[in-house]
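Peer 1: here is a sequence with its predicted model. Questions after.
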Amino acid sequence: MAAESSLSDFLISNLTEFWQLTGFYNATWQHFVMLAVGIFFMYLAIKKNFEPMLLVPIGFGILIGNIPFNTAAGLEIGIYEQGSVLNILYNGVSAGWYPPLIFLGIGAMTDFSALIANPKLLLVGAAAQFGIFGAYMVACALGFMPDQAGAIAIIGGADGPTAIFLSSKLAPNLMGAIAVSAYSYMALVPVIQPPIMKLLTTRKERLIKMKPARAVSQNEKIIFPVVGMLLTCFVVPSALPLLGMLFFGNLLRECGVTTRLAKTASNALTDIVTILLGMTVGASTQATTFLTKETIFIFALGFMAFIIASASGVAFVKLFNLILPKSKKINPLIGNAGVSAVPMSARISNNLGLQYDPSNYLLMHAMGPNVAGVIGSATAAGVLLGFLA
């Protein structure tokens, strides 16, 4: 009898211990909220086709990061537990390794011809950065520390890698919320931007046809990334990790002798880094640290910054048209592309233009401010980093 009682106690003890290690035992309502958020992200990506390359890894990462477990058990499986596999992968986010690699891929896959052919479109990309600095002032007014305000404000650039890079330097504790917010608004560009563009433009303005851009020579395409890197990084050296890699990737594309490297950077390397970046960013949104009042403010400020940035680009084009001759007027619908969501914002400009005139193709024109927006958001991040780090 004593032996049976001892065996029974042993089994009950082991079953109890096993139960206490399960996710069901350690779950809180916050975990289930975050799991629902992760599923919703994947729904948007798979069923609505909202930037699936971003939202599928982030959504599934949210599921991975919000499986409850007993942290006291010393299992070393959580993303914030030193030595765990997820923590090692997360170092690419927390130490800022992944964003420059993404910028390398962006440079290698992007044609800068539209900007080279029409350099004044650089001003449209610069105007869209008002969203960043406007959000910075509002965040400071709401009580965020200057470094936190700077990290939050960069969401207005609609540039996930830049947001991760800057927040990893200025506000690591807010990086999960900032990164998810930035990528969320990038994915929702087709939903957020069209109403702003329609509100701020007249039908007559939407029908403006721009002259075809001039042909850009191969020499210009080779010189541009070299000169662009030198000029921007001499002015803002703190943006070197992002801008240096962006222009390096573009040189690989355009120089004509590194085709294999350009293909690797724009395809395999970018895909690998995107998978790791999206998954680990999603996994960093653990319920215990993510569901806070600060997170709500971050999403609200990020939304405001993105609205201001989109509106600023469109409004700037309208003002710019006042001094341009009739033959050189710019369609304000490309102003939204001044944010860094490349090429999503440029596609929105084109699609909206075609709605009003099926023969008015704006994509190549919109790529000018879109590329300028990438350069502008990285430069703005460098300015904030230089002043606040």
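Peer 2: Good, I have the coordinates.
Peer 1: so where's the protein uncertain?
Peer 2: 1-5, 7, 72-74, 389 (pLDDT under 70).
Peer 1: what residue lies at the spatial centre of it?
Peer 2: Geometric centre of the chain, nearest residue: Gly160, 1.7 Å, by C-alpha atoms, centre = their mean.
Peer 1: separation between that one and Ala179?
Peer 2: Distance, Gly160 to Ala179, using C-beta to C-beta, to the nearest Å: 6 Å. Using the backbone N, CA and C atoms, a C-beta is placed for each residue, glycine as well.
Peer 1: ditto for Phe18
Peer 2: Phe18 sits 35 Å away from Ala179, going by C-beta to C-beta.
Peer 1: which one's more surrounded, those two?
Peer 2: Ala179 (26 against 10; other C-beta atoms under 10 Å).
Peer 1: isn't the more buried one up against Ser94?
Peer 2: No - here Ala179 does not reach Ser94: they are 10.8 Å apart, not a contact under C-beta atoms under 8 Å.
Peer 1: for the residue nearest to the centre of the chain, give me its contacts.
Peer 2: 54, 179, 182-183, 186, 277 (C-beta atoms under 8 Å, 6 or more residues apart in numbering).
Peer 1: narrow the residues you listed to those in helices?
Peer 2: Among the contacts of Gly160, the members falling in helices (DSSP state H) are 54, 179, 182-183, 186, 277.
Peer 1: show me which of those is closest to Leu362.
Peer 2: Distance to Leu362, by C-beta to C-beta, is smallest for Met186 among the ones in helices among the contacts of Gly160, at 20.1 Å.
Peer 1: check which element follows whatever helix or strand Val314 lives in along the chain.
Peer 2: Here Val314, judged by DSSP states H and E, is contained in helix 293-321. Downstream of helix 293-321, the next assigned helix or strand under DSSP H and E is helix 344-356.
Peer 1: what's the angle between the helix or strand that that next one is followed by and helix 293-321?
Peer 2: Counting by DSSP H and E, the next helix or strand C-terminal to helix 344-356 is helix 363-388. Helix 363-388 runs at 130 degrees relative to helix 293-321, counting by axes from the mean of the first three to the mean of the last three C-alpha atoms, to 10 degrees.
Peer 1: mind giving me the packing neighbours of helix 363-388?
Peer 2: With contacts taken as 3 or more C-beta pairs under 8 Å, 6 or more residues apart in numbering; DSSP states H and E, helix 363-388 sits against helix 113-117, helix 121-127, helix 130-141, helix 146-153, helix 160-170, helix 218-235, helix 240-254, helix 344-356.
Peer 1: so which of the ones you listed is the most surrounded?
Peer 2: helix 160-170 (a mean of 28; mean count of other C-beta atoms under 10 Å).
Peer 1: now find how far off-centre that one is within its chain.
Peer 2: Centroid separation for helix 160-170 versus its chain: 9 Å, with C-alpha atoms, centre = their mean, to the nearest Å.
Peer 1: likewise for stretch 335-342?
Peer 2: Here stretch 335-342 shows a centroid-to-chain-centroid distance of 12 Å under the convention C-alpha atoms, centre = their mean.
Peer 1: next: stretch 159-166.
Peer 2: 6 Å.
Peer 1: CA atoms only: put it into PDB for me.
Peer 2: C-alpha atoms of stretch 159-166 as PDB (Å, rounded to 0.1, in the frame of the first residue of the first chain):
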ATOM      1  CA  ASP A 159      10.000  52.900 -43.200                       C
ATOM      2  CA  GLY A 160      10.100  49.800 -41.000                       C
ATOM      3  CA  PRO A 161      13.900  49.100 -41.200                       C
ATOM      4  CA  THR A 162      14.700  52.800 -40.400                       C
ATOM      5  CA  ALA A 163      12.200  52.700 -37.500                       C
ATOM      6  CA  ILE A 164      13.900  49.600 -36.100                       C
ATOM      7  CA  PHE A 165      17.400  51.000 -36.600                       C
ATOM      8  CA  LEU A 166      16.600  54.300 -34.900                       C
END
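Peer 1: sweet, I'm off.
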